[in-house]
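Colleague: let's see this in three dimensions:
(one chain, ligands or ions: 1)
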Amino acid sequence: MADLDVVVVGAGFAGIYAVQAMRSAGLTVRAFEAGSGIGGTWFWNCYPGARCDVESTDYSYSFDPALEQEWTWSERYPAQPEVLRYLNYVADRYQLWPDIQLNTRVTACVWDASRREWTVLTDDGESRIARFCVMATGCLSAQHVPAIPGLETFRGEWFHTSRWPREGTDFAGQRVGLIGTGSTGIQIAPEIAADAERLYVFQRTANFAVPNRNRRITADEVTAIKAGYPVHRAMARESMLGVPVTGTGRSALSESPEALRKTYTERWEAGGGMPLLGSYTDLLISREANDTVADFIRERIRETVRDPGLARLLSPRAYPVGAKRLCQSDDYFAMFNQPNVTLVDVRSSPVVSAYPGGVRTATADYEVDALVFATGFDAVSGALTRIAVIGANGVSLRGAWAAGPRAYLGVAVAGFPNMFLVTGPGSPSVLSNMVLSIEQHVEFIRDLITHALSAGASSVEATGRATADWVAHVNDVAYATLFPCAESWYVGANIPGKPRVFTPYVGGVGPYRSRCDAVAAAGYEGFTLTTVGGLRWLFR
Ligand code: N01
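Modeller: Next up, the predicted model:
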């Protein structure tokens, strides 16, 4: 007899809503969270400058209109502490705490084929039996620290941004080395540069960044936002990115240079990456179209950075705009005009080792007192494969995904009955407004579980055939765009030895939701339901 209907692994945005949703469906549920607080990404990434690049109006739950009316965001783009306060407010408001166990890391999930239940092991030495597992492990939670020879000899302190000390750091008077210039590196660099005696930015790949134009939200805006939520959310659900973005509806290649400049300038001045990338229909499909916006951004970099040589090094050329996550910052490029900031090009002269006093590249030594790794994550699949998940026939998830992650609709894995992934590989996930995509997945999973239980099934599992078809579709859609043209974490390129598979579904939030709704309406097409006696219903 199971201890619980559902175990939820993780208590970030996904785990918190999973607890609320399962409980509301009358299921017994418990979430296990490794952190000493809830929040997932927003708990761990408490580095200086951490801020969401999706507007607060969108980056918030929509499942309860009362919650939307109660909570008031203070800024256009919420900073990490405010997002964390919001999540704690949600946990208080829905009294979720009794069903969330902190300081407890799930180490293994093992499927018992005869009892048709999961045994979930945690690092406190306990085990629980659950009928269903919901993996709310986060797409960007398994940190990646590159293997730099000699790091263990480094005399100073080193930090990964996603495990920042909760008590903070004081870099005043210090020489700091920052490795990594993705979204995180670009956010933290100006904060370090404001305190440190010297900041060395070790850049392997230059990144595109657009302004946030972050600001406080006025009282009048709050009133309008709250009144507009029903319409706004409905538009978001039908949109491509999970955020309503109004484009011109035209091809960039059909525009005059003047019209292009006008559109890009207006959107640049308004701030935000999505409105800029969404301005023309072909920016993420045609390299020629993409070059128009890439040239525009490179021009802004040249305008901002006084030293032309430095501006050139900071100007990305290796990939199309948006094929890597488009970064957002109001002060990153201008920071390079500060006399205490040095850009180190580790593309031409790679980091070879650390030594007690600093970092050695192929051509020079850099003396530093502290090192900051903003080197990203073993994204999407990493948090899942770091848990010993053993499914039917003793097959491990790590083994099943040896050639890359595969999941039906990004939500279920063939051979792993009664286990569901929230925003897993093959769903819009990281290429969408995560909160909206999380809600859609959690609701799909909740409805699938209740459907299976009301049908008297003991297990529900994605079929291999449906998975293969879906994975092929995810690939077809991705390779019709420019997304795979970058060496990015979207394809696993940042982790040495990780198989190259394009992970997110780029077909759009609205179309993806329609597909999931159609699957459900067809009696969960692509899933097999099994009763205790072994009778199977196969859909498709
Ligand atoms: O990680 P990344 P991140 N030597 O993988 C470099 C979300 N996010 O934490 O590009 C030298 O993007 C690596 O270089 P290269 C967002 O979705 C959101 O910044 O591989 N450099 C790269 O510059 C984002 O995309 C927000 O050549 C090395 C950097 O490290 C995702 O999280 C804020 C190296 C890693 O960049 C991940 O962003 C922050 C090495 N050995 C994050 N190894 C917001 O909402 C790696 N690098 C705003």
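
Colleague: residues near R317, how many?
Modeller: When neighbours are defined as other C-beta atoms under 10 Å, R317 has 9 of them. (Glycine included, C-beta is placed from N, CA and C.)

Colleague: what's the pLDDT at it?
Modeller: Here, the pLDDT recorded for R317 equals 96.

Colleague: now do the contacts for it.
Modeller: By C-beta atoms under 8 Å, 6 or more residues apart in numbering, R317 lies in contact with A206.

Colleague: numbering from 884 from now on, please.
Modeller: I'll keep to 884 as the first residue from here, and by that count the last item is R1200.

Colleague: beyond the lengthiest strand in the chain, next helix or strand please.
Modeller: Secondary structure of the chain read by DSSP state E shows that its longest strand is strand 1010-1018. Downstream of strand 1010-1018, the first helix or strand assigned by DSSP states H and E is strand 1040-1043.

Colleague: quick one, helices of the stretch 1234-1383 of the chain?
Modeller: Assigned by DSSP state H, counting those that start in this stretch, the stretch 1234-1383 of the chain shows helices spanning 1265-1268, 1280-1283, 1317-1337, 1347-1361.

Colleague: residues in contact with the helix or strand that comes right after the last one?
Modeller: What that stands for is helix 1347-1361. Downstream of helix 1347-1361, the first helix or strand assigned by DSSP H and E is helix 1392-1404. For helix 1392-1404, the surrounding residues in contact (C-beta under 8 Å, 6+ apart) are 1119-1125, 1292, 1294, 1310-1311, 1315-1316, 1319-1320, 1323, 1327, 1330-1331, 1334, 1388, 1408-1409.

Colleague: quick check: pLDDT value at A1119.
Modeller: The score at A1119 is 98. That number is its pLDDT.

Colleague: so it is in contact with L1319, correct?
Modeller: Yes: if you go by C-beta atoms under 8 Å, A1119 and L1319 touch, sitting 5.7 Å apart.

Colleague: what number of residues lie near the nearest residue to F1299 once chain neighbours are set aside?
Modeller: Residue nearest to F1299 in three dimensions, not counting chain neighbours: G1274, with 3.8 Å by C-beta to C-beta, 6 or more residues apart in numbering. G1274: 23 surrounding residues under other C-beta under 10 Å.

Colleague: got it, and A1245?
Modeller: The tally of other residues near A1245 (other C-beta under 10 Å) stands at 10.

Colleague: what kind of secondary structure is the nearest residue to it once chain neighbours are set aside in?
Modeller: What sits nearest to A1245 in space, not counting adjacent residues and going by C-beta to C-beta, 6+ apart, is S1232, at 4.4 Å. Using DSSP: H, G, I helix; E, B strand; the rest coil, the structure places S1232 in coil.

Colleague: pretty sure S1232 sits against A1247.
Modeller: Yes: using C-beta under 8 Å, S1232 is in contact with A1247, at 7.1 Å.

Colleague: quick one, which of these two is more surrounded?
Modeller: Neighbours per residue (other C-beta under 10 Å) separate S1232 from A1247, with S1232 holding more: 13 against 10.

Colleague: return the residues of the stretch 1034-1183 of the chain in contact with the ligand.
Modeller: Residues of the stretch 1034-1183 of the chain lying near the ligand by C-beta under 6 Å from any ligand atom: I1062, G1063, T1064, G1065, S1066, T1067, G1068, Q1070, F1085, R1087, T1088.

Colleague: do that again at 5 Å, thanks
Modeller: Contact residues (C-beta under 5 Å from any ligand atom) of the stretch 1034-1183 of the chain with the ligand: G1063, T1064, G1065, S1066, T1067, R1087, T1088.

Colleague: can I get these in CSV with pLDDT and neighbour count?
Modeller: Shown next, in CSV, are those (pLDDT from 0 to 100; neighbours: other C-beta atoms under 10 Å):
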residue, pLDDT, neighbour count
G1063, 98, 26
T1064, 98, 25
G1065, 98, 20
S1066, 98, 23
T1067, 98, 25
R1087, 97, 17
T1088, 97, 17
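
Colleague: residue in the stretch 1234-1383 of the chain with the shortest distance to the ligand?
Modeller: Nearest residue of the stretch 1234-1383 of the chain to the ligand: G1259, at 2.5 Å (C-beta to the nearest ligand atom).

Colleague: which secondary structure element contains the closest residue to L910 other than its chain neighbours?
Modeller: Computed as C-beta to C-beta, 6+ apart, the closest residue to L910 that is not its neighbour in sequence is D888, at 4.0 Å. For D888, the host element (DSSP H and E) is strand 887-892.

Colleague: CA atoms of the helix or strand just after that strand as PDB?
Modeller: Where DSSP H and E defines the elements, the next helix or strand beyond strand 887-892 is helix 896-907. The C-alpha trace of helix 896-907 is given here as PDB (Å, rounded to 0.1, in the frame of the first residue of the first chain):
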ATOM      1  CA  PHE A 896       7.600  27.100  -9.300                       C
ATOM      2  CA  ALA A 897       6.700  23.600 -10.700                       C
ATOM      3  CA  GLY A 898       6.800  21.700  -7.400                       C
ATOM      4  CA  ILE A 899       4.900  24.300  -5.500                       C
ATOM      5  CA  TYR A 900       2.100  24.300  -8.000                       C
ATOM      6  CA  ALA A 901       2.200  20.500  -8.300                       C
ATOM      7  CA  VAL A 902       1.500  20.200  -4.600                       C
ATOM      8  CA  GLN A 903      -1.400  22.700  -4.800                       C
ATOM      9  CA  ALA A 904      -2.900  21.000  -7.900                       C
ATOM     10  CA  MET A 905      -2.600  17.400  -6.700                       C
ATOM     11  CA  ARG A 906      -4.000  18.300  -3.300                       C
ATOM     12  CA  SER A 907      -6.900  20.200  -5.000                       C
END
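
Colleague: which residues touch helix 896-907?
Modeller: Contacts of helix 896-907 (C-beta under 8 Å, 6+ apart): 888-889, 891-892, 894, 912, 914, 916, 921, 923-925, 944, 946, 970, 973-974, 977, 979, 982-983, 1017, 1019, 1021, 1305-1306, 1317-1318, 1321-1322, 1324-1326, 1328-1329, 1332.

Colleague: for the spatially closest residue to P1233 that is not a sequence neighbour, list the residues it contacts.
Modeller: The shortest distance from P1233 to any non-neighbouring residue, by C-beta to C-beta, 6+ apart, is to A1245 (5.6 Å). Counting by C-beta under 8 Å, 6+ apart, A1245 touches S1232, P1233, V1235.

Colleague: so what touches the host helix or strand of T1067?
Modeller: For T1067, the host element (DSSP H and E) is helix 1066-1078. Outside helix 1066-1078, the residues that touch it by C-beta under 8 Å, 6+ apart are 928, 930-934, 936, 1044-1045, 1053-1055, 1059, 1061-1062, 1064, 1082, 1084, 1090, 1092, 1208, 1210-1212, 1214-1215, 1218, 1221, 1223-1224, 1255, 1257, 1259.

Colleague: buried subset of those residues?
Modeller: Buried members of those, scored by 16 or more other C-beta atoms under 10 Å, are 928, 930-934, 936, 1044-1045, 1054, 1059, 1061-1062, 1064, 1082, 1084, 1090, 1092, 1208, 1210-1212, 1214-1215, 1218, 1224, 1255, 1257, 1259.

Colleague: strand partners of the longest strand of the chain, parallel vs antiparallel please.
Modeller: strand 887-892 (parallel), strand 1000-1005 (antiparallel), strand 1302-1304 (parallel) (DSSP bridges).

Colleague: show me the one of those strands that comes nearest the ligand.
Modeller: Across the strands paired with strand 1010-1018, the ligand has its closest neighbour in strand 1302-1304 (17.8 Å, C-beta to the nearest ligand atom).

Colleague: buried set for the closest one?
Modeller: Buried, per 16+ other C-beta under 10 Å, within strand 1302-1304: M1302, F1303, L1304.

Colleague: which positions in the protein make contact with the ligand?
Modeller: Contacts of the chain with the ligand, taken as C-beta under 5 Å from any ligand atom, map to 935-936, 1023, 1029, 1063-1067, 1087-1088, 1208, 1258-1259, 1372, 1377.

Colleague: alright, I will stop here.
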